[in-house]
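Sharing a model that was predicted from the sequence below.
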Amino acid sequence: MSVKNAFYAQSGGVTAVINASACGVIETARRHSDKIGKLYAGHNGILGALREELIDTCEETNDTIASLRHTPGGAFGSCRYKLARIEDNEAEYQRIVDVFKAHNIGYFFYNGGGDSMDTAYKISLYSQKVGYPITCIGIPKTVDNDLPATDTCPGFGSVAKYVATSVKETSRDIESMHESSTKVFIMEVMGRHAGWITAAAALAMEEDNDPPHMLLFPEIDFCRETFLAKVERIVNEHGYCVIVASEGTHYADGTFLSASRSTDAFGHVQLGGTAPILARMVKDSLGYKYHWAVVDYLQRSARHLASAVDVEQAYAVGRAAVEFALEGKNGVMASIVREDSENDEYVWSIGEAPLEMVANVEMKIPEHFIAPDGLHITKECRDYLRPLIQGEDFPPFKNGVPVFANLKKVLEEKKLEAFEV
């Protein structure tokens with residue numbers, strides 16, 4: 001039986017540690033060169049398979065691959081491209097199978113969130129249907145921390161650390177200036193339907209009355225009157241108010257505060273702009289001087305402040321994906337399992353979950369993690385979050401700035417006719 005090649009691709013919004021997962025995949029595959037031949041990386045995610053744009057990772061040195069562990073972004077290019085249902089566009093699936101056949105690919109590792117797990121699951125089903133076996137393994141990744149069947153999602157711990165740190169730092173700024181200047185500061189963070197990043201901002205607190213004073217979750221309907229009343233009370237009590245709001249903050253009818261008319265390739269409404277809308281409410285109703293910030297891509301690309309736990313877990317799920325495939329597992333996603341331990345020590349291991357259980361399912365913050373007033377978190381939530389941001393894993397620096405991997409990205413020669421995507 002001939003040795004099969006492998007295909008790895010990155011999908012969706014990137015993170016500070018997705019390349020650590022890529023490093024785990026590639027280094028593990030190289031250690032098993034007797035069972036896995038070449039490992040190709042898709043240029044721009046699954047589009048790399050559809051367009052037959054396969055990056056030959058064998059052309060990269062061991063040192064370059066190792067440096068992926070401390071490099072943010074998506075080293076091979078990511079994409080937001082959702083495959084249709086098999087019955088609606090079978091040609092796409094057949095194209096992927098044809099490309100995999102042409103390059104002797106028998107292993108498919110897809111690194112992404114819920115939509116990406118759906119892609120991996122569909123390709124697994126189609127490969128079985130047409131009789132060309134492809135081992136499909138999902139590798140979790142999302143800053144939103146909203147995948148089910150895993151304790152946490154690689155990428156989240158680092159964005160949580162960045163947001164908590166940023167809130168702690170900016171709060172000192174506001175505290176210093178509030179007597180004669182800014183009294184309200186609003187930070188907008190990512191999170192369309194799940195408020196995990198918003199919740200993580202509370203890790204900045206050391207005492208009960210420390211900022212952030214208020215959190216706005218997508219799990220809780222926004223009420224303008226309640227919001228403004230609490231802002232006024234906090235300013236009266238402390239002199240200033242620090243708020244962290246999810247981009248997915250919405251009214252009771254489901255309308256996002258910041259919804260636009262445009263959508264992305266997954267069909268998601270384009271969000272962004274909650275913070276200035278809230279700031280205008282504060283100004284118009286209360287008259288306070290304000291500042292706001294939308295941390296946007298900064299939060300998910302801040303590799304200089306990555307969580308050491310997050311980096312380790314990201315690498316581990318990449319390594320596990322290859323090991324799962326070589327063990328004969330198929331149609332599963334590598335997961336993080338939180339183990340019971342003494343002395344409240346955070347102990348985790350690698351588990352697995354069926355792709356069909358993970359695909360297109362969003363794990364929101366459970367009710368008992370949100371305070372009764374809907375504007376902060378509980379101790380249970382804090383205890384869950386705190387271990388995920390522990391430890392520092394600094395990239396190397398040169399001339400005062402981080403050093404990241406620079407790949408050759410040598411494309412394999414195409415063997416098939418062009419395919420229109």
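Ah, there it is. Numbering: from 1, shown residues only.

Now Lys101: closest residue in space, sequence neighbours ignored.
Computed as CB to CB, 6 or more residues apart in numbering, the closest residue to Lys101 that is not its neighbour in sequence is Tyr132, at 6.2 Å. To be clear about C-beta, it is placed using only N, CA and C from the backbone, and glycine gets the same treatment.

which strands and helices sit next to the strand or helix carrying Lys122?
When elements are assigned from DSSP states H and E, Lys122 belongs to helix 114-130. Applying 3 or more CB pairs under 8 Å, 6 or more residues apart in numbering; DSSP states H and E, one finds that helix 114-130 makes contact with helix 90-102, strand 105-112, strand 135-140, helix 355-358.

Throw these into a markdown table and include mean neighbour count and distance to Ala29, thanks.
As requested, the helices and strands packed on helix 114-130 are arranged in a markdown table below (neighbours: other CB atoms under 10 Å; distance: least, CB to CB, whole Å):
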| stretch | mean neighbour count | distance to Ala29 |
| --- | --- | --- |
| helix 90-102 | 19 | 16 |
| strand 105-112 | 27 | 8 |
| strand 135-140 | 29 | 12 |
| helix 355-358 | 20 | 20 |
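
want to throw those into JSON lines with distance to Gln128?
Putting these into JSON lines (distance: least, CB to CB, whole Å) gives the following:
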{"stretch": "helix 90-102", "distance to Gln128": "11"}
{"stretch": "strand 105-112", "distance to Gln128": "13"}
{"stretch": "strand 135-140", "distance to Gln128": "10"}
{"stretch": "helix 355-358", "distance to Gln128": "13"}
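
Quick one: closest of these to Tyr384.
Nearest to Tyr384 among those is strand 135-140 (16.9 Å), distances taken as CB to CB.

got the buried residues for the helix or strand following the closest one?
Sequence-wise, the next helix or strand downstream of strand 135-140 (DSSP H and E) is helix 156-177. Neighbour counts over helix 156-177 (16 or more other CB atoms under 10 Å) mark 156-168, 170-171, 174-175 as buried.

again, but for stretch 119-126
For stretch 119-126, burial by neighbour count (16+ other CB under 10 Å) applies to 119-124, 126.

Tell me which of the helices and strands packed on helix 114-130 sits nearest to Lys329.
Closest to Lys329 of the helices and strands packed on helix 114-130 is strand 135-140 (CB to CB; 7.1 Å).

just to revisit the earlier point, need the buried residues of stretch 119-126 in TSV (columns: pLDDT and distance to Met281).
Compiled in TSV, the buried residues of stretch 119-126 are given as follows (pLDDT from 0 to 100; distance: CB to CB, whole Å):
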residue	pLDDT	distance to Met281
Thr119	95	40
Ala120	96	42
Tyr121	96	42
Lys122	96	43
Ile123	97	46
Ser124	96	48
Tyr126	97	49
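
Make JSON lines out of the helices and strands packed on helix 114-130 and add mean pLDDT and distance to Asp344.
Shown next, in JSON lines, are the helices and strands packed on helix 114-130 (pLDDT from 0 to 100; distance: least, CB to CB, whole Å):
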{"stretch": "helix 90-102", "mean pLDDT": "98", "distance to Asp344": "46"}
{"stretch": "strand 105-112", "mean pLDDT": "98", "distance to Asp344": "31"}
{"stretch": "strand 135-140", "mean pLDDT": "98", "distance to Asp344": "25"}
{"stretch": "helix 355-358", "mean pLDDT": "96", "distance to Asp344": "28"}
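
Out of the ones you listed, the one nearest Ser2 is which?
Taking CB to CB, strand 105-112 is the member of these nearest to Ser2, at 9.1 Å.

Does Glu219 touch Lys364 like I think?
Yes. Proximity of Glu219 to Lys364 meets the contact threshold set by CB atoms under 8 Å, at 5.3 Å.

Name the residue in the two with the higher neighbour count.
A count of neighbours by other CB atoms under 10 Å puts Glu219 above the other of Glu219 and Lys364, at 21 against 18.

how close does the more buried one get to Met187?
According to CB to CB, to the nearest Å, Glu219 stands 18 Å off from Met187.

Please apply the same query to Pro133.
Counting by CB to CB, the gap between Pro133 and Met187 amounts to 48 Å.

Just want to know which of those two has more residues nearby.
A count of neighbours by other CB under 10 Å puts Met187 above the other of Pro133 and Met187, at 23 against 12.

so the more buried one is in which element?
Using DSSP H and E, Met187 sits in strand 184-189.

after that strand comes which helix or strand?
Downstream of strand 184-189, the next assigned helix or strand under DSSP H and E is helix 196-200.

And the contacts of that next one?
Contacts made with helix 196-200 from outside it, assessed by CB atoms under 8 Å, 6 or more residues apart in numbering, are listed as 143-146, 156, 159-161, 163-164, 189-191, 215-217, 244-246, 299, 365, 369-370, 377, 381, 385, 389.

any idea of the mean pLDDT in it?
Helix 196-200 shows a mean pLDDT of 98 in the predicted model.

Kindly report the same for stretch 12-27.
Average pLDDT, stretch 12-27: 98.

and the residue nearest the centre of the chain, what does it touch?
Within the chain, one residue has its C-alpha closest to the average C-alpha position: by CA atoms, centre = their mean, that is Thr142, at 1.8 Å. If you count contacts by CB under 8 Å, 6+ apart, Thr142 has them with 12-13, 15, 112-114, 153, 155-156.

Just name the closest of these to Arg85, please.
Taking CB to CB as the measure, Arg85 sits nearest to Gly114 out of the contacts of Thr142, at 15.9 Å.

Relative to Gln313, how far out is the closest one?
Distance check for Gly114 against Gln313: by CB to CB, it reads 18 Å.

between the two, who's got more neighbours?
Gln313 (29 against 23).

residue contacts, Ile26?
When contacts are taken as CB under 8 Å, 6+ apart, Ile26 is in contact with 8, 39, 57, 60, 65, 68.

what's the helix or strand for the closest residue to the fifth one other than its chain neighbours?
Using CB to CB, 6+ apart and skipping residues adjacent in sequence, the residue nearest Ile65 is Ile26, 5.1 Å away. Using DSSP H and E, Ile26 maps to helix 18-31.
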